[in-house]
Each structure stands twice: as structure tokens, then as C-alpha cells.
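[1] With the sequence up front, the predicted model follows.
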Amino acid sequence: GKDGYRHYMEKELHEHPVVIGQTLQRVIDPVSKAVALPKFDFSLAEVPRVTMTACGSAYYAALVGRYWLEAEARVPVDIDVASELRYRAPPLTPGGMGLLISQSGETADTLAALRLLRRSDQRIVSILNVETSTMGRDSDVTLGMVAGPEISVASTKAFTAQLSVLAALTIAMGQARGTIEASRAQQMVSSLFDLPSRAAEVFQRVADIQAMAVIVAAARDVLYLGRGVCFPIALEGALKLKEISYIHAEAYAAGEMKHGPISLIDKDVPIVVIAPSTILFDKTLSNIQEAKARGGRILAFTDEKGAARLSGIAEQMVVLPDVDAFVAPILFTIPVQILAYEVALLKGTDVDQPRNLAKSVTVE
Ligand code: F6R
């Protein structure tokens, strides 16, 4: 049941902190703090390249994973949505890793991509919520998330669970390849274990998210901006808004705005920015100022330090707890998904069963 929540989506949003915690316990030994993944019958140090693929929200999780694997584990990564990868005929080095992400493990496009990767002699590693699924059976290694059943058609908690597993895989690969030292690994692990309590604090900000939702619900088009690991979170926010509120939304890497979409901006197009005060904050801020100068209304997800810089620029802010930059995309996903939920409530749409969508897309 819905345990007293109005929708499964609301219930599942509230499960983020627990799901992140449970998933981390599955992939990182809580006592020794060492990453503890299932056995691979190949060496993570010797993987020449990782080819990542998924669909929808799972693809956005993969995009975050690419930043991590490239920057932290220094492994070359190729990535595409499964429906495109399938038909690209990518030349792949035998012995590479094919890394798939799927909540259901039954998505037809992702399964077809898995078969292409298999035929290209890739080692198949899948990050799955349903480990008994077809993808689970067809993989060499399954990395389970512990998200529990996801009933709401729009994916929520599976996304942060996917990121939690990807974070652990990044640490394991970086250690195997010698790019992440023991002290850095410790710091990454402790920032992950800090997340469930920081995630719980997000729910103290719901009133601020609701104030933002009022502005978004009145719009016909919304832009989402982010940079680096927060660009995929902007994509996730825009997708969730489209899916359940039927408001048109686009996400851009904030630095790309000036190459085109800035022409869309006026007072009727709210701009939602995902801007934790990490290394890219100043760059994002100057992109925000460009939008503001053209009449854009800025709605910002940020932290204390970011809020100090955004006051007078952002019309509405949601100020999140401070976390290590490594885990910021996981934390920032939660309020961005809540925003879509709150907008859908205001619009009165069928939140758990949005039109034209199915939970598991088993046709190509
Ligand atoms: C978004 C959503 C979809 C799924 C996509 C992949 O809210 O639910 O975009 O993420 O269809 O599904 P799985 O992860 O089951 O392969």
C-alpha cells in the first residue's frame, strides 16, 4: 500500500534515504569501509574501455557515472542511450566492459544493446533493481541496487540507488587502477555513508520546493541547467517534469545556453538551476547571470555557500545541506524529483499513472 502517502511516487520519494543506505551497505562493507562488490572474473585494472548504456532516467544515472569513471578511475568511457547504441555498430575492443543500468531489467532497448555488447565480446556488468530479471540472467556480473519495488511509473528512488552503486564501482575501479589512493577512497566512502542523513534533511525543505512549484506550474516551458555531474540531474529534473506534469521542459549544460537556447529566455520561461557550490559554481553562476540579464526568472537548488552568492539573483532557492562534491549529484536529485511531484499535484495530473507511459517498456 501507500502507507498513508497520497501517491506511490510520494512514498517512494520518501524512501530515498533508506534506499541509499541499504544500497550502500550492499556494496561497501559498513565495518571495514572497503568496497565489497561481487567477484568479477576479469580484472578491473585491465578493462580497456567501458561502454555504458541505458534508457531514460537510468541513462542519466549512467551520465553521472561517466563523469565519475573518467575523472576518478581514469577509464575511457563511451555512452549512449540503448536505442541508439544498438544501431551504431560501435567498434569495440574485446574484453571491454559493457555496463548496463536498468531498474526493471526488462527494458527491450537495453536488452537488445546487451546482446550487441555480448556479440562484441564485452564483459557484461548490469546494475539492476530486479536481479532475477532477463538482464540479470544474461549478465556476467550483477550489481544489485536495494531500492525495493518501484510502483510509480516515474522512477525516483531507483535513480539514487543506481548512483550509489556507480559510486562504489568508481571507487573499486579507481583503486584497482591506482588512480584513487586509500585516503581519497576513505573520504569518498565517508561522504557516501553521510548521505542517508543528509537526504533525510531534504524533506525539511519541502515548503521551499512548493514555493518553487507554484512558479513552475504556471509556466508552459521550463529550462533546467546544470554543469558537470549536475547536468544529468538537470536532465532528470526536466524528464520528470515532462512525464508527470506534462509541462515542456528542456535541460542544457549551462555553458551551452549561449550557443542557442538563450534566445528562448524571457519572463515566462522559468530557469531551474542545479548549483551546488562545487568547482563549477562560478561558471554556472555566470551562465545564470546571462539568463537573468535577459529577464529569466531563476529558481535555484544550491547549498549555504551557493545561496550567499545567489541572493538577489535567484527568485526562489532551495538550500540543501553541505555535502562532499562527489556525492552532490545524489543529494540534489531528491529535491529536483520532489519539485516535479509538487508541480504535478498543482496541475492535478495522475501522478502514478501518467498518460502514454508504462512502467516497463518491453517493446523496442
Ligand atoms: C523515468 C522512467 C523511465 C525509465 C526507463 C528505463 O521516470 O521511469 O525513463 O527510467 O524507461 O527503465 P529501466 O530502468 O527499467 O530500464
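    Received, thanks.
[2] if I look at residue 16, how far off is residue 338?
    With distances taken as C-beta to C-beta, to the nearest Å, residue 16 is found 9 Å from residue 338. The way it works is simple: take the backbone N, C-alpha and C, and place the C-beta from them, glycine included.
[3] Need the residues touching each of those two.
    Among the neighbours of residue 16, those also in contact with residue 338 (C-beta atoms under 8 Å, 6 or more residues apart in numbering) are residue 202.
[4] I'd guessed residue 318 sits against residue 210; true?
    No - at 10.0 Å, residue 318 does not count as touching residue 210 under the criterion of C-beta atoms under 8 Å.
[5] of the two, who's got more company?
    Under the criterion of other C-beta atoms under 10 Å, the comparison of residue 318 against residue 210 puts residue 318 first, with 26 against 16.
[6] List phi and psi for the more buried one.
    phi -120, psi 120 (degrees, to the nearest 10).
[7] quick one: contacts for it?
    The contact partners of residue 318, by C-beta under 8 Å, 6+ apart, come to 205, 208, 209, 212, 300, 301, 302, 335.
[8] Leaving out sequence neighbours, find the closest residue to the one residue in the chain that gets nearest to the ligand.
    Proximity to the ligand, evaluated over the chain using C-beta to the nearest ligand atom, is greatest for residue 56 at 1.8 Å. Distances taken as C-beta to C-beta, 6 or more residues apart in numbering place residue 239 nearest to residue 56, at 6.7 Å, with adjacent residues excluded.
[9] packing partners for the helix or strand hosting the one you found?
    Assessed by DSSP states H and E, residue 239 sits inside helix 231-245. Applying 3 or more C-beta pairs under 8 Å, 6 or more residues apart in numbering; DSSP states H and E, we find helix 231-245 packed against helix 56-73, helix 206-217, strand 221-226, strand 248-253, strand 271-274, helix 328-347.
[10] can I get the ones you listed in TSV with mean pLDDT?
    TSV is the format used below for those (pLDDT from 0 to 100):
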stretch	mean pLDDT
helix 56-73	98
helix 206-217	98
strand 221-226	97
strand 248-253	97
strand 271-274	98
helix 328-347	98
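[11] just checking, which of those sits deepest inside the structure?
    Neighbour counts averaged per stretch over those are highest for strand 271-274, at a mean of 28; criterion: mean count of other C-beta atoms under 10 Å.
[12] Residues in contact with whichever helix or strand comes after it: which ones?
    For strand 271-274, the following helix or strand on the C-terminal side (DSSP H and E) is helix 281-293. Defining contact as C-beta under 8 Å, 6+ apart, one finds that helix 281-293 is touched by 223, 225-227, 230, 254-255, 257-258, 262, 265, 271, 273, 275, 298, 300, 306, 309-310, 313-314.
[13] Show me which of these are buried.
    Among the contacts of helix 281-293, those classed as buried by neighbour count (16 or more other C-beta atoms under 10 Å) are 223, 225-227, 230, 254-255, 257, 262, 265, 271, 273, 275, 298, 300, 306, 309-310, 314.
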